[in-house]
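Visitor: this is the structure alone, sequence omitted:
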């Protein structure tokens, strides 16, 4: 379950600091009869205090309304310069509380918009710590919408800011948030280290409650790795603080992880009780993702109790909740909010350029007036004016070219959005079905311990085929997802596929994967054909090389790709044209499709080497 507990942590850690820095100056009192500032600022403080209390109780609607009212009052107060810091702080606080309420309700695009406004206000005040907090919150929204690379990049920005400041709870919060993202990216070792760092830092700072929330994340990693006893111990240590002091959303997440640990340790009745309590709280909070995870657990409990019909019904209900929380409308809304923020930043940069150009023109006019006073330089002035006209025409042409580039970029973004939706549809519609097949297959296998070896073998084949199809599905989603259109992503995915294919084989593998231009773009067509050549070369080695050594070298970047798969197996003699197998023919066709060169060197007793070299575009 994606854990928003770090949002509560940041709320409680930073809101007190804001209140102290703002309120210690007192509420300003202005003498102008044209203003209503004293009454308005008193009401702003009251509204934000109420919103903070409701968010702490897990409310999702009332905080949105009262923070909107507070922001409207702030925008209508004509304050002197001395009060701008006070206003900026309250603006940050209102947007933060509003964003948290939207997040708890699953309105991730609206939450992202609020946290982007918080970032703008923090920048205006020069408050680096609050800028980092706003970036963290934006990372939570991208993670909730499964845009993991964007979530990782923006959270790393926050971490770099905080590492340059004195150590405090915000740094622990960032460790935890980044650890959650690495969990979703299946980088479990990094995730565990970051979450344990968050626990230790919170305990060192005396934040026992926040340490308990981070222990929940550690338990989630142990559950995922099937270390259920370790997960149960973390849950035991965290339970008193979370269930006594935590908000309903945090309690839902805790109960979910507790139920998973109970299932893993065969405490089925305890798991059912925790899962049902989580379901009740998830329904009360109104977050479909929580409902999905709770229903999924209840389906596993029903299956463990041999109530297979009920398990199927619960699984179908869970899938419907997942569709609701990851529907395309929400994904499109999130994309629109992100693009709006990017356009605003571009517009601000364009305005700076325009101001600079106006300033330069002003200087030119002054210079021209002075030159006009000197009759001896009249001719020179005329020539200079002509040159300036030519420069102006050149600038206009540059502006037109820039506008054309903007149109091209927008078209590219639309294409990326379509590819992203296709990847998500494939993952959600087919992936959930394969997961169900694997789950029920494993469950059936556990309950048929006395069945014949032939039936056990059939179940193993069903489970194995399901996992193979799931892996193939992941490769397809990777190919069409625009987030992976770089040489670094190509090298990373090639390493993962190679490790997966060579796992549990008799081959002794040496892997050499490098890239020297990580951000270089790679087209989906090139990605697909390169990966298919790699898979075919590895399949040939696994089929014919026997218990031999295999070396896989993969280099990408600087506009080229260089793939080499070598083994010291039995090899084979020359293959006549027209008598090649399907695998060799397919590899040659794929090399031709991307303008690359495929070379196969093999001889009896001396192994085989498959090489692919070509342009990377």
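Guide: Sure thing, it's come through. Everything numeric here is computed off the predicted structure, so don't read it as measured data.
Visitor: quick one, strands of the stretch 501-617 of the chain?
Guide: For the stretch 501-617 of the chain, applying DSSP state E, counting those that start in this stretch gives strands covering 508-515, 549-557, 560-567, 597-602, 608-615.
Visitor: list the buried residues in the second one.
Guide: Which is strand 549-557. Under the neighbour-count criterion of 16 or more other C-beta atoms under 10 Å, strand 549-557 has 550-552, 554-557 buried. Just so you know, the C-beta spots here come from the backbone N, C-alpha and C atoms, and that holds for glycine as well.
Visitor: can you list the weak-confidence ranges in the stretch 401-550 of the chain?
Guide: 402-477, 480-481 (pLDDT under 70).
Visitor: partners of residue 613 in the sheet?
Guide: residue 562, residue 597 (DSSP bridges).
Visitor: what pLDDT is listed against it?
Guide: Turning to residue 613, the model gives it a pLDDT of 91.
Visitor: residue contacts, it?
Guide: Contacts for residue 613 (C-beta atoms under 8 Å, 6 or more residues apart in numbering) come out as 560-563, 596-597, 599.
Visitor: now the buried members of these.
Guide: Buried, going by 16+ other C-beta under 10 Å: 560-563, 596, out of these.
Visitor: closest to residue 230 out of those residues?
Guide: Closest approach to residue 230 among those (C-beta to C-beta): residue 563, at 40.1 Å.
Visitor: in CSV: the buried residues of strand 549-557, plus distance to residue 52.
Guide: CSV is the format used below for those (distance: C-beta to C-beta, whole Å):
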residue, distance to residue 52
550, 60
551, 60
552, 55
554, 52
555, 54
556, 50
557, 49
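Visitor: circling back to that earlier point, list just the nearest of the contacts of residue 613 to residue 45.
Guide: For the contacts of residue 613, the minimum distance to residue 45 (C-beta to C-beta) is 60.4 Å, reached by residue 561.
Visitor: ok, how many other residues are close to the residue nearest to the closest one when sequence neighbours are not counted?
Guide: The spatially closest residue to residue 561, leaving aside those adjacent along the chain, is residue 616, at 4.6 Å (C-beta to C-beta, 6 or more residues apart in numbering). Other residues near residue 616 number 24, with proximity taken as other C-beta atoms under 10 Å.
Visitor: got a list of what the nearest residue to residue 310 once chain neighbours are set aside touches?
Guide: Distances taken as C-beta to C-beta, 6+ apart put residue 302 closest to residue 310, at 4.3 Å, once the chain neighbours are dropped. By C-beta under 8 Å, 6+ apart, residue 302 lies in contact with 308, 310-311, 314.
Visitor: if you set the cut-off to 10 Å instead, what comes out?
Guide: 272, 275, 308-315 (C-beta atoms under 10 Å, 6 or more residues apart in numbering).
Visitor: could you check how far the residue nearest to residue 561 is from residue 533?
Guide: 14 Å (C-beta to C-beta, to the nearest Å).
Visitor: where are the low-confidence patches of the stretch 251-400 of the chain?
Guide: Counting by pLDDT under 70, the low-confidence segments of the stretch 251-400 of the chain come to 323-385, 388-390, 392, 395-396, 399-400.
Visitor: circling back: intersection of neighbour lists for residue 616 and residue 533?
Guide: Common neighbours of residue 616 and residue 533, using C-beta under 10 Å, 6+ apart, are 561, 594, 596.
Visitor: mind putting those residues in CSV, pLDDT and distance to residue 542 included?
Guide: What follows is the shared contacts of residue 616 and residue 533, written out as CSV (pLDDT from 0 to 100; distance: C-beta to C-beta, whole Å):
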residue, pLDDT, distance to residue 542
561, 89, 22
594, 87, 24
596, 91, 23
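Visitor: quick one on the thing from earlier: got the buried ones among the contacts of residue 613 as CSV, with distance to residue 53 columns?
Guide: Formatted as CSV, these follow (distance: C-beta to C-beta, whole Å):
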residue, distance to residue 53
560, 60
561, 57
562, 61
563, 60
596, 63
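Visitor: closest to residue 510 out of these?
Guide: Using C-beta to C-beta, these come closest to residue 510 at residue 563, 14.7 Å.
Visitor: can you pull the contacts of the nearest residue to that closest one once chain neighbours are set aside?
Guide: Counting by C-beta to C-beta, 6+ apart, residue 563 lies nearest to residue 612, which is 4.2 Å off, once chain neighbours are set aside. Counting by C-beta under 10 Å, 6+ apart, residue 612 touches 529-530, 533-534, 537, 554, 561-565, 587, 590-591, 594, 596-599.
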